[in-house]
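Chemist: Generate a structure from the sequence data that follows.
(chains A and B)
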Amino acid sequence: MEEIHILPAGDAALVVEFGKGIDEETNNKVHALSAYIKSGRIRGVRETLPTFRSLMVFYDSGTTTFEKLSKMISRFRPDKVMIKKEKKRRLIVPCCYEGAYAPDIPELSFLLKIERGEIVRLHENVDYKIYMLGFLPGFVYLGGLDERLHAPRLSTPRTRIPARSVGIGGTQTGVYPVDSPGGWRLIGRTPLDFYAPDSPSPILCEAGEYIRFVSINEKEYRALRRDVETGVFRPEYA
Amino acid sequence: MEITVLRSGPMTTVQDEGRFGYLAYGIGQSGAMDKDAYHKANALVGNGKGEAVLEATLMGPVLRFEQDALLAFMGADMQACIDDMPAVRGRAYPVHAGQVVSFGMAKNGVRSYIAVAGGVDVPEVMGSRSTDIKCGIGGLQGRKLADGDILRVFDRNDPPFRIKIYGRRNITPAGYPHEVTVRAILGPQDDHFTEEGIRTFLETAYTVSSESDRMGIRLNGAQIEGKCAMDIVSDGIAFGSVQVTTAGLPIVLMADHQTTGGYAKIATVISDDLPCLAQAGPGDRIRFQKVEIGEIQRKLRKRRRRKDDK
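Modeler: Below is the predicted model:
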């Protein structure tokens, strides 16, 4: 097993590195440690922040120290407490890959030499692992995009991408949670809010879980969007 | 109790201790930039540690109190006046209905904390009243104050004798020199920099850029040499992380920082030294002094023990 590195990030946080790259095995260890810490077995920890290959642990330096925490964390064996397979939760994310919601599919189709229907099929039939959230509230970094869909970002980023747009940028795919500038190629839009600040559960996704896109038409999109806006929509898991 | 914001100033927001528990969802902690001044302002008016206050940047607001209130301010000196009478930092003032409290340009420091007995009454969002403009939450509808806003303050109905007691309190405000040395712990990615790069970081007097804000204190000065490219696989950021951009210049990430980022972080400023960094204005000079984590935490424990003994 690769050695873990525990590094200080000031006097109230530390970083536990499980590897250098982006891969599912490394990321699983990050989430395993996060779950282990959150289960309350380590004193003085305030909050954890999982990322691709490392876990940031924020602690109260009055209750514990870098030295004490490092000792406890280095005893942790991720292989023994790996997230059990049956706990794997898949959030169904309806996505409309049509018309005005998918402005970049024609160019992407030309660029990749893949037909529109095939692009949709390759994009929706995957369980994407949520490696981490960051950058924007509720922004998911997903692993698992089919290599055939890898495509360079737009040479000129858009100044405003509407919230809930689904895009491809480089080797990644994801959803813009709020209106923001960005250079990803837009291939669809979901009626679901990935960030809803006024809702009792403001963030839709949890890092470590999975999501799967399911293709819907424009009529279904409008109906689902209405349900989300009126608060009757409940997310589905498979 | 209500306060009418006659003039808001360029960047005045409602802030408290900060928002905790949402970093894993991409929502940062926000909160007062200078925690020291924030705590002292609250203490002066007898507020609990976590009450919401106003944080004004560079130039303060003009506020009309619609009911009697007790007021104090700490942090930057913004030459406050109650009606036409000058008022100083570090004291609590009873203010009467109809009186106007005006703040001017920051003379020393850049951020002023205005506390009113009872605390600013805005809804708690995800456990905090702090304004997070990027996420559009907290404070007044997730934004900075604007002219004409009405601010509510929780009623506390202090009996007159308590007002008298608060009136006698006095805290000496901190001074904010134009050149400060802040202590920093190297890492987590100091191994991305050459020895020469780390020496440059520790020996340069960096100048605060006018583009600094609540997200980060941007610094100009000698370029820090990296071993390779400055981008890393995105990982977590702390309040105080010192990121080095592709141009080789350091940015100290502050209260409104992004939760994750892809630039290598050479060091992290220790919690005790963040307040004076928060008060550094454009043109001020910052030096970094290397300290070890073990040493800092031993000192912290000693200090706590002394406090407990008292």
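Chemist: what pLDDT does the residue most central in space within chain B get?
Modeler: In chain B, the centroid-proximal residue (CA atoms, centre = their mean) is B:M33; its distance is 1.5 Å. At B:M33, the pLDDT value in this model is 98.
Chemist: ok, the closest residue to it other than its chain neighbours - contacts?
Modeler: Nearest residue to B:M33, sequence neighbours excluded (CB to CB, 6 or more residues apart in numbering or on different chains): B:A278, at 3.8 Å. C-beta coordinates here come from the backbone N, C-alpha and C atoms, glycine included. B:A278 makes contact with B:33-34, B:110-111, B:254-255, according to CB atoms under 8 Å, 6 or more residues apart in numbering or on different chains.
Chemist: Apart from its neighbours in sequence, what residue is nearest B:I114?
Modeler: Closest to B:I114 by CB to CB, 6+ apart is B:L54, at 4.2 Å.
Chemist: State the three-state secondary structure for that neighbour.
Modeler: Three-state call for B:L54 (DSSP: H, G, I helix; E, B strand; the rest coil): strand.
Chemist: pretty sure it is in contact with B:M11, am I right?
Modeler: No. Applying CB atoms under 8 Å as the test, B:L54 and B:M11 come out as separate, 10.9 Å apart.
Chemist: So between the two, which is more surrounded?
Modeler: A side-by-side neighbour count of B:L54 and B:M11, using other CB atoms under 10 Å in any protein chain shown, places B:L54 first with 27 against 17.
Chemist: quick one: the more buried one from chain A, how far?
Modeler: Distance, B:L54 to chain A, by CB to the nearest CB, to the nearest Å: 22 Å.
Chemist: what are the bridge partners for that residue, then?
Modeler: Applying DSSP bridges to B:L54 yields these beta-bridge partners: B:V14, B:I114.
Chemist: And it, how close does it get to B:N108?
Modeler: 18 Å (CB to CB, to the nearest Å).
Chemist: try B:P250
Modeler: 24 Å.
Chemist: What of B:D190?
Modeler: B:D190 sits 33 Å away from B:N108, taking CB to CB as the criterion.
Chemist: and if you look at B:P160?
Modeler: Here the criterion is CB to CB. By it, B:P160 lies 34 Å from B:N108.
Chemist: and what of B:L274?
Modeler: For B:L274 relative to B:N108 (CB to CB), the value is 18 Å.
Chemist: B:F65 too?
Modeler: Distance from B:F65 to B:N108, by CB to CB: 25 Å.
Chemist: before we move on, what about B:R168?
Modeler: Distance from B:R168 to B:N108, by CB to CB: 25 Å.
Chemist: And for B:G109, nearest residue in space, chain neighbours not counted?
Modeler: B:A76 is the one closest to B:G109 (CB to CB, 6+ apart), at 3.2 Å.
Chemist: Also B:C276?
Modeler: In space, B:C276 is closest to B:V180, 5.2 Å off (CB to CB, 6+ apart).
Chemist: does the one you found sit in a helix or strand, and which one?
Modeler: Using DSSP states H and E, B:V180 sits in strand B:179-186.
Chemist: Relative to the whole chain's centre, how far out is that strand?
Modeler: 17 Å (CA atoms, centre = their mean, to the nearest Å).
Chemist: Could you spell out the sheet neighbours of that strand, each with its direction?
Modeler: For strand B:179-186, using DSSP bridges, the partner strands are strand B:265-269 (antiparallel), strand B:285-290 (parallel).
Chemist: Need the residues that contact the shortest one.
Modeler: Spelled out, it's strand B:265-269. With contact meaning CB under 8 Å, 6+ apart, strand B:265-269 is reached by A:8-11, A:13, B:182-190, B:192-193, B:197-198, B:201, B:224, B:237-238, B:240-244, B:250, B:252, B:277, B:288, B:290.
Chemist: ok, now with 7 Å
Modeler: Under the criterion CB atoms under 7 Å, 6 or more residues apart in numbering or on different chains, residues A:9-10, B:182, B:184-190, B:193, B:201, B:224, B:238, B:240-244, B:250, B:252, B:277, B:288 lie in contact with strand B:265-269.
Chemist: Just the ones in helices from the residues you listed, please.
Modeler: By the criterion of DSSP state H, membership of the contacts of strand B:265-269 in helices covers B:201, B:277.
Chemist: Around chain A, pick out the residues from the stretch 151-300 of chain B.
Modeler: B:185, B:187-188, B:233-236, B:238, B:240-241, B:258-260, B:268-271, B:293-294, B:296-297, B:300 (CB under 7 Å from any CB of the partner chain).
Chemist: Pull out the buried members of these.
Modeler: B:185, B:187-188, B:233-236, B:238, B:240-241, B:258-260, B:268-271, B:293, B:296-297, B:300 (16 or more other CB atoms under 10 Å in any protein chain shown).
Chemist: can you count the residues close to A:V30?
Modeler: Look at A:V30: counted by other CB under 10 Å, it has 28 neighbours.
Chemist: Which residue ranges of chain A form helices?
Modeler: With DSSP H as the criterion, chain A has helices spanning A:24-36, A:66-74, A:105-112, A:116-124, A:218-230.
Chemist: CSV for those, including mean pLDDT and distance to A:L133?
Modeler: CSV is the format used below for the helices of chain A (pLDDT from 0 to 100; distance: least, CB to CB, whole Å):
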stretch, mean pLDDT, distance to A:L133
helix A:24-36, 92, 12
helix A:66-74, 94, 22
helix A:105-112, 96, 26
helix A:116-124, 96, 20
helix A:218-230, 96, 20
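Chemist: Single out the residue in the stretch 101-250 of chain B that lies closest to chain A.
Modeler: Going by CB to the nearest CB, chain A is nearest to B:G236 of the stretch 101-250 of chain B, at 3.1 Å.
Chemist: Quick check: nearest residue in space to that residue, chain neighbours excluded?
Modeler: Nearest in space to B:G236, with sequence neighbours left out and distances taken as CB to CB, 6+ apart, is A:M56 at 3.1 Å.
Chemist: now do A:S109
Modeler: Nearest residue to A:S109 in three dimensions, chain neighbours excluded: A:R116, at 5.3 Å (CB to CB, 6+ apart).
Chemist: How many residues are close by the one you found?
Modeler: For A:R116, the count of nearby residues is 15 (other CB under 10 Å).
Chemist: Need the residues that contact stretch B:167-178.
Modeler: Residues from elsewhere that reach stretch B:167-178, judged by CB under 7 Å, 6+ apart: B:36, B:40, B:44, B:74, B:89-92, B:94, B:108-109, B:276, B:279, B:284-285.
Chemist: Identify those among these that sit within strands.
Modeler: Mapping these onto strands (DSSP state E) picks out B:74, B:92, B:94, B:108-109, B:285.
Chemist: who wins for most neighbours among those residues?
Modeler: B:M74 (28 neighbours).
Chemist: In contact with that residue, which residues?
Modeler: B:M74 neighbours (CB under 7 Å, 6+ apart): B:37, B:40-41, B:89-90, B:113, B:173.
Chemist: Which residues of chain A lie near chain B?
Modeler: A:7-13, A:15, A:21-22, A:46-54, A:56, A:61-62, A:65-67, A:132-139, A:197, A:202-203, A:207.
Chemist: wait, doesn't B:P61 sit right on B:I3?
Modeler: No. With contact defined as CB atoms under 7 Å, B:P61 does not count as touching B:I3 (9.3 Å).
Chemist: measure the residue nearest in space to the middle of chain A to B:D213 for me?
Modeler: Residue closest to the mean C-alpha point of chain A, counted by CA atoms, centre = their mean, is A:V140 at 2.7 Å. Counting by CB to CB, the gap from A:V140 to B:D213 is 27 Å.
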